[in-house]
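# Kindly generate the corresponding structure for this input.
(2 chains)
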Amino acid sequence: MAVALEAVSDAPAALPLGNRSYTDPAFFQAELDQLWARTWVCIGFAHEVPEAGCVRPVSLAGKPLLLLRDHASDLRVFWNVCRHRGMQLVSEPGRLTGVIRCPYHSWCYALDGELKVTPHVGGPGRNTDPAIDRPALGLLPVRSAEWLGCVFVDLSGEAPPFAEHIAPLARRWVDFADRPLHAASECGFMLEVATNWKLAVENYCESYHLPWVHPGLNSYSRLEDHYTILAAGFAGQGTLAYRPLLAADGSRLPAFADLPEQWAEGAEYVALYPNLLLGVHKDHTFALRLEPLAPDRTREHVAIWFADAGALDADHAALRRRLAELWREVFAEDIGVVEGMQRGRAADAFDGGVFSPMMDAATAAFHGWVAERYRALGLDLGLDAG
Amino acid sequence: MPADPVDDRAALDARLQEAARAGDAGSLASLYRRAAASTEQPDEAGFFLTHAYVWALVAGDAPAAASIAAALRRNGRLD
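A predicted model of the protein is given here:
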């Protein structure tokens, strides 16, 4: 394993993003409409639709999507809109025993998307009309994939195949990716933060801030125990000194079976661009999904999965709660800095800053990824005061 | 012998409204089928059967939905 905080010689050239890319509504909209819509983005977690018939409306940057588990238990994503007059179909999470009924004119869709009936479409009591091609009017599907308990979509339908997109991280985390994960929904939580989504990614990528912002980690996870992770499509950090929580009686959460020695005291944290912050440990994984609400507002959805179904029993309830509380505290500690950096973006004289090759390589790599896409979209880097 | 309350149109309407307020799809399907059976007017029956079909689909009552769909098809009201 690369022991780190070594300068990363092949780090991409640092391309600091300017203030406007964090504050300008036009930049924000362009990112959502073009950058986010052309790559694989996480929209939720598989356990949010745990059983056949579960439906969950999801907003991806204001775009209405419907995450569901059909009656064959397959996970699907559709545009959450009726093919008739564009009515939003599902407005609340729930579990359906039958079809999805549009609340406007009661057009009904099976959970596999088939349009089942168009009531009165040919006049009262007449449910067909030559102008309405029912088989062609099923729900509009969205290209989707599931990995490590997370659900991804590609709105454009033109991004590279998900298997190709996830391959570098799937190879790195092959020890975790194909195992059953055990979600405890009571361990999930949500934070709303007054910052741009990119600052949440940047802060998560690097370990430079850990001793200052998370002083509680100093006792066992010192800065020198961390290393930088740089790869195509993600960046982050690892630690060589992960210590699982212990209960008062010395017991701990069960670990994944037969993990390689690397994970005995190792853990890794990466930002999978653009919006998923992931962590893996021998006894649990977590994901923090970023939902951008405005240039200076981001919602963070956190889910925790355990390594073994035994972790969900009553004996482990206190440890589960403590683990969720630990991560809530860590992510809450980050709020001050990501909100402070957002406020700092109002300083006209700030020029995007500088990157330490030793300590900021992951942040620089993320900026390189964003900058490359900005260029492809014809956007500048937002460095001028505008 | 007292009349079955649902034989009375006003009572049926009341029960339909109650079921609608409760979001009780199964009852709506059943009540609209009774409404369809209570009329001699083909168009009115088709109207009620259409509603019965929708609510049977919503309830996930496959046998009822299949039976209602067959009735609608017999009358050329469903493909």
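
# With the flanking residues excluded, which residue is spatially nearest to the residue of chain B found nearest chain A?
Using C-beta to the nearest C-beta, the closest approach of chain B to chain A is made by B:Gly46 at 2.7 Å. Any C-beta I mention is one placed from the backbone N, CA and C, and that applies to glycine too. Spatial nearest neighbour of B:Gly46, chain neighbours left out: A:Gly125 (2.7 Å); criterion: C-beta to C-beta, 6 or more residues apart in numbering or on different chains.

# again with A:Pro64
Nearest residue to A:Pro64, sequence neighbours excluded (C-beta to C-beta, 6+ apart): A:Asn80, at 4.0 Å.

# Thought A:Leu66 was touching that neighbour, still the case?
Yes - with contact defined as C-beta atoms under 8 Å, A:Asn80 counts as touching A:Leu66 (3.8 Å).

# where do the contact lists of the two overlap?
Common neighbours of A:Asn80 and A:Leu66 are listed as A:Pro57, A:Val58, A:Leu89, A:Val90 (criterion: C-beta atoms under 8 Å, 6 or more residues apart in numbering or on different chains).

# export these to TSV and tack on distance to chain B and neighbour count?
What follows is those, written out as TSV (distance: C-beta to the nearest C-beta, whole Å; neighbours: other C-beta atoms under 10 Å in any protein chain shown):
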residue	distance to chain B	neighbour count
A:Pro57	17	17
A:Val58	22	20
A:Leu89	13	23
A:Val90	13	23
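
# So which of those are in strands?
Members of those lying in strands (criterion: DSSP state E): A:Pro57, A:Val58.

# Contacts only, for A:Glu164.
Neighbours of A:Glu164 in contact, by C-beta under 8 Å, 6+ apart: none.

# Spatially central residue in chain B, please.
Nearest to the mean C-alpha position of chain B, by C-alpha atoms, centre = their mean, lies B:Tyr32 at 1.7 Å.

# Report the secondary structure element holding that residue.
helix B:25-37 (DSSP states H and E).

# Would you tell me what the next helix or strand after the least confident helix or strand in chain A by mean pLDDT is?
None of the helices or strands of chain A scores lower by mean pLDDT, DSSP states H and E than helix A:210-213, at a mean of 82. Once the chain leaves helix A:210-213, the next helix or strand it forms, by DSSP H and E, is strand A:226-231.

# Only the buried residues of that next one, if you could.
Judged by neighbour count (16 or more other C-beta atoms under 10 Å in any protein chain shown), strand A:226-231 contains these buried residues: A:His226, A:Tyr227, A:Thr228, A:Ile229, A:Leu230.

# picking up where we left off before, make sure I have this right: the residue nearest to B:Gly46 is in a strand.
No - going by DSSP: H, G, I helix; E, B strand; the rest coil, the assignment for A:Gly125 is coil, not a strand.

# So what's the residue count around the residue of chain B closest to chain A?
B:Gly46 has 23 neighbouring residues, counting by other C-beta atoms under 10 Å in any protein chain shown.

# before we move on, the earlier item: and the least confident helix or strand of chain A, what does it pack against?
On a contact count with 3 or more C-beta pairs under 8 Å, 6 or more residues apart in numbering or on different chains; DSSP states H and E, helix A:210-213 meets helix A:317-344.

# So for the very next helix or strand once past the helix it packs on, mean pLDDT?
Following helix A:317-344 in sequence order, the next helix or strand is helix A:361-377 (DSSP H and E). The pLDDT scores in helix A:361-377 average 89.

# Please point out which parts of helix A:361-377 sit buried.
A:361-371, A:373-374.

# Then stretch A:151-163?
Within stretch A:151-163, the residues that qualify as buried are A:Val151, A:Phe152, A:Val153, A:Asp154, A:Leu155, A:Ala159, A:Phe162, counting by 16+ other C-beta under 10 Å.

# from the residues you listed, which single one is nearest chain B?
Nearest to chain B out of those is A:Val151 (C-beta to the nearest C-beta; 24.1 Å).

# helix/strand/coil for the closest one?
Under three-state DSSP, the three-state class of A:Val151 is strand.

# Make sure it is actually in contact with A:Val142.
No - with contact defined as C-beta under 8 Å, A:Val151 does not count as touching A:Val142 (10.3 Å).

# Name the residues contacting each of the two.
Taking C-beta under 8 Å, 6+ apart as the contact rule, A:Val151 and A:Val142 both touch A:Val77.

# For the nearest residue to A:Arg134 once chain neighbours are set aside, give me its contacts.
In space, not counting the residues next to it along the chain, A:Arg134 is nearest to A:Leu115; the distance is 5.2 Å by C-beta to C-beta, 6+ apart. With contacts defined as C-beta under 8 Å, 6+ apart, the neighbours of A:Leu115 are A:Arg83, A:Trp107, A:Cys108, A:Tyr109, A:Arg134, A:Pro135, A:Leu137, A:Gly138, A:Leu139.

# Show me what A:Leu115 bridges to in the sheet.
A:Tyr109 (DSSP bridges).

# Could you report the pLDDT at it?
pLDDT at A:Leu115 comes out at 98.

# and the closest residue to A:Gln342 other than its chain neighbours, how far is that from A:Trp147?
Distance criterion C-beta to C-beta, 6+ apart; nearest residue to A:Gln342, sequence neighbours excluded, is A:Thr195 at 4.2 Å. Distance, A:Thr195 to A:Trp147, by C-beta to C-beta, to the nearest Å: 26 Å.

# Neighbour count: the two, which is higher?
A count of neighbours by other C-beta under 10 Å puts A:Thr195 above the other of A:Thr195 and A:Trp147, at 27 against 22.

# Run a quick neighbour tally on the residue in chain A positioned nearest to chain B.
Proximity to chain B, evaluated over chain A using C-beta to the nearest C-beta, is greatest for A:Gly125 at 2.7 Å. Look at A:Gly125: counted by other C-beta under 10 Å, it has 22 neighbours.

# Contact partners for it?
For A:Gly125, the contacting residues are B:Asp43, B:Glu44, B:Ala45, B:Gly46, B:Phe47, B:Phe48, B:Leu49, B:Thr50, B:Arg77, by C-beta under 8 Å, 6+ apart.
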